[in-house]
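# Please find the sequence and the predicted model below.
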Amino acid sequence: MEPINILDARNTLSKLVSQAQAGVDVVIAKRGKPIVRLVPIADSARNTGETVARWLDGHRISASATRTPAELDQQIADERDGWQ
């Protein structure tokens, strides 16, 4: 879905909320610049492995952004060291 202008979003909020609940990616823009994304609050009963897997399939991470488990462990260790 193309970003919707904030004024149009205000006038069609009920429709946009329904679309977001149905899984449509609703982005609201101000002067043509995307500023927020409307997403449903996760219901713990709906938050199953299947729904998470479907979400992950639709929101792929680029190959350049992936890290190995060792890299993740190192980043976590570095962050923890920074807290002290």
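Ah, there it is.

# hmm, who's touching the longest helix seen in the chain?
Taking DSSP state H as the criterion, the chain has its longest helix at helix 69-83. For helix 69-83, the external contacting residues (CB atoms under 8 Å, 6 or more residues apart in numbering) are Arg67. (C-beta placed from N, C-alpha, C; glycine too.)

# send the alpha carbons of the helix or strand bottoming out on mean pLDDT in the chain over as PDB?
The helix or strand of the chain with the poorest confidence is helix 49-58; it has a mean of 81 (mean pLDDT, DSSP states H and E). C-alpha atoms of helix 49-58 as PDB (Å, rounded to 0.1, in the frame of the first residue of the first chain):
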ATOM      1  CA  GLY A  49       4.600 -19.900  15.600                       C
ATOM      2  CA  GLU A  50       2.700 -20.000  12.300                       C
ATOM      3  CA  THR A  51       1.800 -16.300  12.500                       C
ATOM      4  CA  VAL A  52       5.400 -15.400  13.400                       C
ATOM      5  CA  ALA A  53       6.700 -17.500  10.500                       C
ATOM      6  CA  ARG A  54       4.300 -15.800   8.000                       C
ATOM      7  CA  TRP A  55       5.400 -12.400   9.300                       C
ATOM      8  CA  LEU A  56       9.000 -13.300   8.900                       C
ATOM      9  CA  ASP A  57       8.400 -14.600   5.300                       C
ATOM     10  CA  GLY A  58       6.900 -11.200   4.400                       C
END
